[in-house]
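> Sequence and predicted model, in that order:
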Amino acid sequence: MAVALLGILLLLILMSVPIAFSIGISSLFVILMEGNLTPWIMIQRTFGGLDSFVILAIPLFLLTGEVMNRAGITDELIDFSSTVVGHIRGGLAHINVFVSMIFAGISGSSTADTAGIGKLLIPAMIKRGYSKEFTVAVTAASSTLGQIIPPSIIAVIYAATVGISVGALFLGGAVPGILIGLAQMVVSYIFARKYNYPAEERSSFRKILHAFKKAILPMLSPVLLIGGIIGGIFTATEAAVVSAVYSILIAIFVYRSIKLKELWDIFVTTALNASVTIFCIAIAAVFGYLLAYFHVPEMLGSVITQIASGPVSFLLIVILLFLIVGTFMDATPAIIILAPMLAPIACTFGVNPIHLGVIIVLTLALGLITPPYGLCLLVAAQIANIPVNFKLMRTMSIFILVSLLIIILIALFPDIALFIPKIFAPKMMGVTL
């Protein structure tokens with residue numbers, strides 16, 4: 001029956017059925033066909049998959065990102081980024097990456113990054129003479145930082161699924177996210193030198209300070225969030241509440257760019273966006289239960305332990321697995337289905353669950369810029385009004401390759417991801433918040 005479960009899922013995906021429905025239909029079919037299972041299992045496991053306090057953080061982080069977007073705070077972040085890195089050759093590309101690094105620390109959503117920043121910077125870059133292919137590639141690639149730099153919604157889902165500290169995983173993603181962002185800026189500089197992309201005007205110290213003052217309040221959001229978690233003031237879910245309330249307060253009373261009557265529309269939009277993720281979590285929980293029922297984790301563990309000779313080879317297998325899965329499956333069901341199977345195997349190889357989580361989150365981020373799924377790539381290409389073709393993917397592949405090299409580097413040297421959690425939150429390394 002395990003073969004039937006996976007076969008039906010693959011068939012539905014190939015038929016372009018949305019992934020959540022593919023998982024649900026294949027699960028229901030197998031439950032009905034298996035004589036020892038009752039349809040009530042589907043209801044029970046669906047609600048059971050959402051029975052986690054940590055999952056409450058997801059709509060709250062989405063709310064924070066939606067408020068910041070609606071408030072036009074992205075403009076302030078772009079202005080500040082322009083004063084800091086705009087004078088470098090290929091200035092707008094560096095601004096694109098730099099502002100994505102900041103925005104990632106506010107929203108935790110890659111698609112929000114692509115839509116919010118892309119609508120402003122893609123037309124500006126094309127107007128300044130950047131090729132459409134490079135513009136789309138750098139915008140899509142930098143938006144994946146929203147899935148890596150804390151607060152990452154995918155990190156919340158992984159932590160809730162595996163039962164580890166959200167705070168420790170947030171800290172573990174900080175340095176890798178910054179490294180990938182810096183690597184993207186290096187790639188952008190090389191492209192700028194090769195194709196003679198322009199630099200923007202160098203800003204005076206007074207202008208930098210003025211832009212910083214205007215952008216400081218939204219940039220304080222991730223500082224409050226991470227600082228509160230490390231200091232033990234609140235849990236990750238409570239931090240999400242603080243972040244959401246903080247964003248609403250500064251949008252209404254400081255920037256005055258949102259009126260109270262607009263909040264209802266923001267709440268509705270957030271609820272619709274969150275419902276997609278939460279529905280995936282609920283349905284994937286049923287699929288995960290069926291895999292366990294048919295002893296798939298044991299079979300997978302047996303295969304991996306025969307192939308892998310140590311922690312590094314195990315992590316390389318994990319990277320390859322999630323590279324493939326990420327091309328056709330959303331990160332949420334991929335984590336809920338596969339992470340519970342891989343976490344126990346990782347322990348047998350001595351791989352820290354935080355390290356494993358960082359590797360999985362980083363690798364799945366590449367799925368956002370890899371066809372056929374490639375959601376961030378598709379959104380950016382749509383804004384630029386170009387097709388996802390070979391010419392675009394040739395440029396995109398360079399950003400993918402650079403990110404992949406950093407992921408492999410983190411697999412080889414775990415302390416790149418673990419040294420900050422070890423210093424600031426050693427008690428969280430194996431404890432659930």
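Noted; the coordinates are in hand.
> residue contacts, E133?
Taking CB atoms under 8 Å, 6 or more residues apart in numbering, we find E133 in contact with I386, K391, L392, R394, T395. Heads up, the C-betas are built off the backbone N, CA and C, glycines and all.
> now the chain, which segments are flagged as low pLDDT?
428-433 (pLDDT under 70).
> Ramachandran angles for the most centrally placed residue in it?
Geometric centre of the chain, nearest residue: Q147, 1.6 Å, by CA atoms, centre = their mean. Here is the backbone geometry of Q147 (degrees, to the nearest 10): phi -90, psi -10.
> Assess the claim that it and A331 are in contact.
Yes: using CB atoms under 8 Å, Q147 is in contact with A331, at 7.0 Å.
> shared neighbours, these two?
Counting by CB under 8 Å, 6+ apart, the shared contacts of Q147 and A331 are I154, V361, L364, A365, L368.
> List just the nearest of the residues you listed to F287.
Using CB to CB, L364 comes nearest to F287 of the shared contacts of Q147 and A331, at 16.9 Å.
> on that earlier part again, so of the contacts of E133, which ones are in strands?
Using DSSP state E, no member of these sits in strands.
> which of those tops the neighbour count?
Ranked by neighbour count (other CB atoms under 10 Å), these have L392 at the top, with 23 neighbours.
> What residues does that one make contact with?
Shown in contact with L392 (CB under 8 Å, 6+ apart): E133, V136, A137, A381, I386.
> try L409
Contact analysis of L409 by CB under 8 Å, 6+ apart lists I416.
> mind checking how far it is from L366?
To L366, L409 is 15 Å away according to CB to CB, to the nearest Å.
> Quick check: buried residues in the strand or helix carrying G228?
For G228, the host element (DSSP states H and E) is helix 205-230. By neighbour count on 16 or more other CB atoms under 10 Å, the buried set for helix 205-230 is 211, 214-215, 217-219, 221-222, 225-226, 228-230.
> what about the nearest residue to M329 once chain neighbours are set aside, distance to W40?
Spatial nearest neighbour of M329, chain neighbours left out: I19 (5.6 Å); criterion: CB to CB, 6 or more residues apart in numbering. Note on I19: its distance to W40, by CB to CB, is 24 Å.
> of these two, who's got more company?
Looking at I19 and W40 with other CB under 10 Å, you find the greater number of neighbours at I19, namely 20 against 9.
> quick one: contacts for V162?
Shown in contact with V162 (CB under 8 Å, 6+ apart): A339, P340, A343, P353, G357.
> Now it: closest residue in space, sequence neighbours ignored.
A343 (4.8 Å).
> Could you list every helix and strand that whichever strand or helix holds that neighbour packs against?
Counting by DSSP H and E, the element that carries A343 is helix 331-348. Of the remaining helices and strands, those touching helix 331-348 by 3 or more CB pairs under 8 Å, 6 or more residues apart in numbering; DSSP states H and E are helix 19-33, helix 153-162, helix 263-293, helix 296-307, helix 311-326, helix 353-366.
> Report the buried residues of it.
By neighbour count on 16+ other CB under 10 Å, the buried set for helix 331-348 is 331-343, 345-346.
> ok, those residues vs G374, which is closest?
A331 (12.3 Å).
> Near the closest residue to that closest one other than its chain neighbours, how many other residues are there?
Distances taken as CB to CB, 6+ apart put L364 closest to A331, at 4.2 Å, once the chain neighbours are dropped. L364: 25 surrounding residues under other CB under 10 Å.
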